[in-house]
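> curious how this folds, go ahead:
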Amino acid sequence: MRIPVFNLSVMAMVKIRLLAICGLFLLAGCAGFQGDKREVLPSDFDDVFVGATEIPPGYLRMGRFIAYEDLAKIKPGTARNTVQELLGTPDRDNNGWWFYNVNLPLDDSRDYLVCQYRVTFDSSNQVSAADWRRRQCRDRFADLQQPEVQEITILSDVLFAFDSAELTAAGSDELDTVAEVVFDRVQVAQVVVVGHTDRIGAEAYNQKLSLRRAEAVRRYLVAKGVPPHLLTVEGRGASEPLVACEGVSGSASLKSCLQPNRRVQITIHGQR
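Now for the predicted structure:
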């Protein structure tokens with residue numbers, strides 16, 4: 001595998017070459033180049049590719065985990081001390097530029113991009129600009145700002161015995177998987193648990209049963225370590241059926257047909 005490494009010595013060599021070229025071709029218009037006040041950016045220089053075992057000391061960049069909402073708060077006009085409160089002490093301070101090495105998770109994996117984030121301050125110690133060094137980091141951060149919604153539906157017949165709000169052993173196993181999905185999110189904003197029943201029985205009773213089942217799921221997830229403040233529960237009784245079935249109330253065939261309506265829906269809002 002070949003790993004891209006940004007080499008500061010290459011920058012120095014390129015600058016020396018530019019000065020030499022200007023010395024040779026001053027009469028040919030190189031003075032006009034010196035008059036160009038465009039800021040020289042790291043992206044103006046080529047990457048150097050070396051083998052993984054050939055990386056010199058000091059080139060490996062270790063990133064840190066910073067909450068995305070804190071990064072999103074860094075805007076022009078933000079005070080320098082506020083930046084430090086939100087992001088911490090910079091990895092490098094270079095003449096009014098603060099550099100942070102930030103881990104941005106990749107899709108559907110536990111791997112991360114280590115990205116350099118630069119904050120520029122003006123003479124009033126306020127942010128004048130903030131951006132990612134690499135375009136792929138900028139794009140990845142933009143993607144991470146889009147909230148993800150994952151919905152998990154578990155049949156109540158798996159979670160509970162008929163007409164009960166006590167979790168079965170199989171139901172506990174199912175919710176263990178749900179807890180793993182929650183913990184797999186880097187940031188979880190909310191987990192909504194909604195209980196549903198079929199139409200068999202009185203409407204008021206079904207409403208209460210659906211809520212009791214949602215609350216049972218909530219208690220279990222809290223016991224598994226999901227923060228209580230993230231969880232919201234609702235009971236909707238038989239008001240949102242997935243299937244409509246004909247048959248005599250109480251018959252085995254009707255109960256079987258209505259099984260998809262007896263369910264608990266768990267919706268996870270968050271970002272990876």
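> please put the alpha-carbon coordinates of stretch 214-231 into CSV.
C-alpha atoms of stretch 214-231 as CSV (Å, rounded to 0.1, in the frame of the first residue of the first chain):
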residue,chain,number,x,y,z
ALA,A,214,-42.9,0.7,24.3
GLU,A,215,-42.0,1.5,27.9
ALA,A,216,-40.7,-2.0,28.5
VAL,A,217,-38.4,-1.6,25.5
ARG,A,218,-37.2,1.7,26.8
ARG,A,219,-36.4,0.3,30.2
TYR,A,220,-34.4,-2.5,28.6
LEU,A,221,-32.4,-0.2,26.4
VAL,A,222,-31.6,2.0,29.4
ALA,A,223,-30.5,-1.0,31.3
LYS,A,224,-28.1,-1.8,28.4
GLY,A,225,-26.6,1.6,28.6
VAL,A,226,-28.5,3.8,26.2
PRO,A,227,-28.8,7.3,27.9
PRO,A,228,-32.4,7.8,29.1
HIS,A,229,-32.6,11.3,27.7
LEU,A,230,-32.2,10.0,24.2
LEU,A,231,-35.3,7.8,24.4
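> and the contacts of it?
159-160, 165-167, 172, 175-176, 178-179, 182-183, 188-195, 233-235, 264, 266 (CB atoms under 8 Å, 6 or more residues apart in numbering). Backbone N, C-alpha and C define where each C-beta goes, glycine included.
> cool, stretch 175-194 as well?
So stretch 175-194 is in contact with 65, 67-69, 105, 147-148, 150, 152, 154, 159, 167, 210, 214, 217-218, 220-221, 224-226, 230-236, 264-272, going by CB under 8 Å, 6+ apart.
> so for it, first residue to last residue, what's the gap.
14 Å (CA to CA, to the nearest Å).
> any buried residues in that stretch, and which?
175, 178-179, 182, 185-186, 188, 191-194 (16 or more other CB atoms under 10 Å).
> do stretch 154-167 as well
So, applying 16+ other CB under 10 Å, buried residues of stretch 154-167: 154, 156-160, 165, 167.
> which parts of the stretch 1-150 of the chain are helices?
8-24, 30-34, 68-72, 80-87, 135-144 (DSSP state H, counting those that start in this stretch).
> report the distance from the last one to the chain centre.
Between the centre of helix 135-144 and the centre of its chain there are 11 Å (CA atoms, centre = their mean, to the nearest Å).
> do the same with the third one
Average the C-alpha atoms of helix 68-72, do the same for its chain, and the two points are 11 Å apart (CA atoms, centre = their mean).
> tell me which helix or strand comes right after the longest helix anywhere in the chain.
Using DSSP state H, we find that the single longest helix of the chain is helix 203-223. Of the helices and strands lying after helix 203-223 in sequence (DSSP states H and E), the nearest is strand 231-235.
> list the contacts of the next helix or strand after that following strand.
For strand 231-235, the following helix or strand on the C-terminal side (DSSP H and E) is helix 252-257. With contact meaning CB under 8 Å, 6+ apart, helix 252-257 is reached by 162, 198, 200, 243, 245-248.
> and which of these is nearest to Leu258?
The closest of the contacts of helix 252-257 to Leu258 turns out to be Asp198 (CB to CB; 3.8 Å).
> what about the closest one, which SS state?
At Asp198 the chain is in coil, as set by DSSP: H, G, I helix; E, B strand; the rest coil.
> and for the one 3 residues further on?
Of the three states, Gly201 takes coil according to three-state DSSP.
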